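Trainee: predicted model, plus sequence, below.
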Amino acid sequence: MNPPLHRNVRGAEPPAHPLYCLYTGVLVLRGLARGLAAIHAAGVAHLDIKLGNVLLTLGPKLDGRPTPRDVCVADFGHSRVVDGDGRFAVTHRCGTRGYIAPELFRTFSWPGGTHIAGAACDVWSMGVAMAEVFTGIPPCSFESPVLRMDEGLWGLLERGVEEWCRVGGEGWQATATLLTDLVQRCLVVDPEHRCSAQDAVATLEVVVAVVGQWVGDAAL
């Protein structure tokens, strides 16, 4: 088993080919989305999705470096079984600073008792992880315990995604738009209007296919 994803995202030596980085990144994010969709389909909310809990095993080499073969979501210490509506009771603090969904963090501010949240909080955390991959900025570097995507951070995300995708072939702008839009749909403050993990899988399947074609054309 390889180190957690956050060690791979924050710099590899020697520097890899940009197209290798893009392809590896979207493979890992697709694996994360697939894993989260399976967790939710099993009636469970993970409640601590972050890059440090995404583990990789090695697959075929590209540009002399291994690509992810399997992506595993680890650490179910905070997980909860959800009801038929995808909701669960919250009785204590859970999750990691910076990745916590706003509706889940708000429950920590209410003294005592049991409060209700939904599995959509995992989708928020996945969106934070995606933003971290594309910008290189860990969410814990911000003052607020909940990531606040203001205009400046959205601009940083858009530029980061464009920088990653510009190394691709024809239609890279459309692929960049797909990725930016996906992060935005994950980071909707109202959990009722957030996309699902399965929605994220569908988008990332398209992106992986496109980037895979670029890799084939480049013959890395």
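Mentor: Looks like it arrived, so ask away. Residues are numbered from 1 along each chain as shown.
Trainee: and the next helix or strand past the worst-scoring helix or strand of the chain on mean pLDDT?
Mentor: In the chain, no helix or strand scores lower on mean pLDDT, DSSP states H and E than helix 5-9, which sits at a mean of 49. Toward the C-terminus, helix 5-9 is succeeded by helix 18-41 as the next helix or strand (DSSP states H and E).
Trainee: next, the buried residues of that next one.
Mentor: By neighbour count with 16 or more other CB atoms under 10 Å, helix 18-41 contains the buried residues 19-37, 39-40. Where C-beta positions appear, they are placed from N, C-alpha and C, glycine not excepted.
Trainee: could you do stretch 132-142 as well?
Mentor: In stretch 132-142, counting by 16+ other CB under 10 Å, buried: 132, 133, 134, 135, 137, 138, 139.
Trainee: low-confidence bits of the chain, can you list those?
Mentor: 1-16, 86, 89-93, 106-116, 140-147, 149-151, 220 (pLDDT under 70).
Trainee: strands of that one, start to end?
Mentor: 44-45, 54-62, 65-73, 80-81, 87-90, 115-118 (DSSP state E).
Trainee: for residue 173, find the nearest of those strands.
Mentor: strand 54-62 (23.7 Å; CB to CB).
Trainee: what angle separates the closest one from strand 65-73?
Mentor: 150 degrees (axes from the mean of the first three to the mean of the last three CA atoms, to 10 degrees).
Trainee: helices or strands up against strand 54-62?
Mentor: In terms of contact count using 3 or more CB pairs under 8 Å, 6 or more residues apart in numbering; DSSP states H and E, strand 54-62 is assigned the packing partners helix 5-9, helix 18-41, strand 65-73.
Trainee: looking at those, which is nearest to residue 174?
Mentor: Closest among the helices and strands packed on strand 54-62, once you apply CB to CB, is helix 18-41, at 14.1 Å.
Trainee: and that closest one, what does it pack against?
Mentor: helix 5-9, strand 54-62, strand 65-73, helix 120-135, helix 151-165, helix 197-218.
Trainee: a markdown table for those, including distance to residue 191?
Mentor: Listed next are the helices and strands packed on helix 18-41 as a markdown table, based on distance: least, CB to CB, whole Å:
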| stretch | distance to residue 191 |
| --- | --- |
| helix 5-9 | 24 |
| strand 54-62 | 22 |
| strand 65-73 | 20 |
| helix 120-135 | 4 |
| helix 151-165 | 19 |
| helix 197-218 | 13 |
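Trainee: any idea which of these is most buried?
Mentor: helix 120-135 (a mean of 26; mean count of other CB atoms under 10 Å).
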